[in-house]
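# Next one to model:
(one chain, ligands or ions: 2)
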Amino acid sequence: IKRVTTRTLQELKNAGHKIAMLTAYDFSIASIVDDAGVDVILVGDSASNVMAGHETTLPITLDQMIYHASSVVRAAKRALVVVDLPFGSYQGNSKEALASAIRIMKESGAHAVKLEGGIEIAESVSRILTAGIPVMGHLGLTPQSIYKFGTYTVRAKEDAEAQKLRNDALKLQELGCFAVVLEKIPAQLGQEVSQSLSIPTIGIGAGQYCDGQVLVIHDMLGINKGFKPRFLRQYANLYDVMSDAIKNYTSDVKSGSFPSDKEQY
Ligand code: KIV
Ligand code: NA
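Ligands and ions are numbered 1, 2, ... in the order given. The predicted structure follows:
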């Protein structure tokens with residue numbers, strides 16, 4: 001199998017083909033995602049929410065991200081593996097940002113890192129790129145800044161914030177990022193940015209004109225019962241599938257019908 005690289009993603013955009021990205025945090029799920037043909041696996045700091053049960057992405061640590069990332073890397077035969085730099089490991093200190101990115105690359109074997117923000121983190125982005133580590137940007141709703149926003153609603157609806165996002169996207173491209181995630185912004189703005197950039201945009205709630213799409217796997221598989229934002233398409237209802245299986249198992253154990261004669265030595 002031929003490995004997806006940052007160049008592959010650029011070639012997909014140039015050819016007018018879309019890029020499919022999903023999150024994964026562990027070996028077993030990442031194996032399924034990779035075998036199914038997803039181009040990019042994101043080890044997102046959404047692990048803080050869906051794996052650890054925190055309310056925000058802020059608490060997850062660099063060590064915990066490296067643990068998730070190394071598990072995913074062992075499963076990924078084809079996909080490009082991108083890892084989020086967690087909150088506090090890169091903001092405002094480019095030396096620490098580089099050290100964090102190097103730890104991720106060295107200790108997990110991942111292929112690239114992702115950082116949230118634009119001009120504010122330009123120095124960190126440059127420094128990481130200088131070390132030969134590919135960087136994916138992330139603009140719009142950046143969940144590590146949730147306490148600044150105060151809400152998870154759509155970003156950049158106002159002109160000033162939209163203009164800043166356009167500038168930030170161009171800046172990230174100029175610095176040398178290989179792609180940019182656009183999260184929860186109007187489709188029109190997603191289209192404008194996707195057309196003005198030569199590098200690929202990957203949208204989540206950013207409309208149909210982005211060069212690719214990303215979803216959190218627990219959301220699209222319907223493991224998170226009750227999380228149904230407008231941008232989410234749920235491709236399965238694994239909550240019910242798993243719940244039914246577990247109820248059947250429990251009832252079989254209680255009734256003594258499991259294990260049967262054939263299920264013992
Ligand atoms: O952490 C994450 O899952 C992400 C994607 C939603 C883009 O950053
Ligand atoms: Na993230």
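# okay, now Ala131: neighbour count?
By the criterion of other Cβ atoms under 10 Å, Ala131 has 11 neighbours. All C-beta spots, glycine's among them, are computed from the backbone N, C-alpha and C.
# likewise the one 3 residues further on?
Pro134 has 23 neighbours, counted by other Cβ under 10 Å.
# Looking at the residue lying closest to it once chain neighbours are set aside now. What's its pLDDT?
Of all residues not flanking Pro134 in the chain, Ala112 sits nearest, at 3.9 Å (Cβ to Cβ, 6 or more residues apart in numbering). What the model reports as pLDDT for Ala112 is 99.
# now swap in Ile1 and tell me
On the pLDDT scale, Ile1 gets 89.
# Likewise for Lys225?
So, for Lys225, pLDDT stands at 86.
# And it, how far from Thr23?
18 Å (Cβ to Cβ, to the nearest Å).
# So which of those two has more stuff around it?
Of the pair Lys225 and Thr23, Thr23 is the one with more neighbours under other Cβ under 10 Å, namely 29 against 11.
# Quick check on that one: phi, psi?
Dihedral angles of Thr23 (phi, psi; degrees, to the nearest 10) stand at phi -90, psi 160.
# Let me see the contact set for it.
Under the criterion of Cβ atoms under 8 Å, 6 or more residues apart in numbering, the neighbours of Thr23 are 41-44, 46-47, 214-218.
# go again using 6 Å as the cut-off
42, 44, 46, 216-217 (Cβ atoms under 6 Å, 6 or more residues apart in numbering).
# Up against ligand 2, what does the protein have?
Listed as neighbours of ligand 2 in the chain under the rule Cβ under 5 Å from the ion: 44-45, 84.
# near ligand 1, which of the residues you listed show up?
44-45, 84 (Cβ under 6 Å from any ligand atom).
# just these now: which is nearest ligand 1?
Gly44 (2.3 Å; Cβ to the nearest ligand atom).
# do you know how far the residue nearest to that closest one when sequence neighbours are not counted is from Thr5?
With Cβ to Cβ, 6+ apart as the criterion, Gly44 has its nearest non-adjacent residue at 4.4 Å, and that residue is Thr23. According to Cβ to Cβ, Thr23 and Thr5 sit 20 Å apart.
# tell me which element Gly190 is part of?
helix 187-196 (DSSP states H and E).
# Indicate whether that helix makes contact with ligand 1.
No: judged by Cβ under 6 Å from any ligand atom, helix 187-196 makes no contact with ligand 1; its nearest approach is 13.5 Å.
# Just the buried residues of that helix, please?
189-194 (16 or more other Cβ atoms under 10 Å).
# Show only the entries of the residues of the chain next to ligand 2 found in strands.
Among these, the members found in strands (DSSP state E) are Asp84.
# Could you turn the buried ones of the residues of the chain next to ligand 2 into a PyMOL selection?
If you want just the buried ones from these in PyMOL, going by 16+ other Cβ under 10 Å, the selection is:
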select buried, resi 44+45+84
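# with the residues of the chain next to ligand 2 in mind, which one is nearest to Glu263?
Taking Cβ to Cβ as the measure, Gly44 is the one of these closest to Glu263, at 38.7 Å.
# Surely the closest one touches Asp84?
Yes: under the criterion of Cβ atoms under 6 Å, Gly44 makes contact with Asp84 at 5.3 Å.
# What segments of the stretch 151-265 of the chain are strands?
179-183, 201-204, 212-215 (DSSP state E, counting those that start in this stretch).
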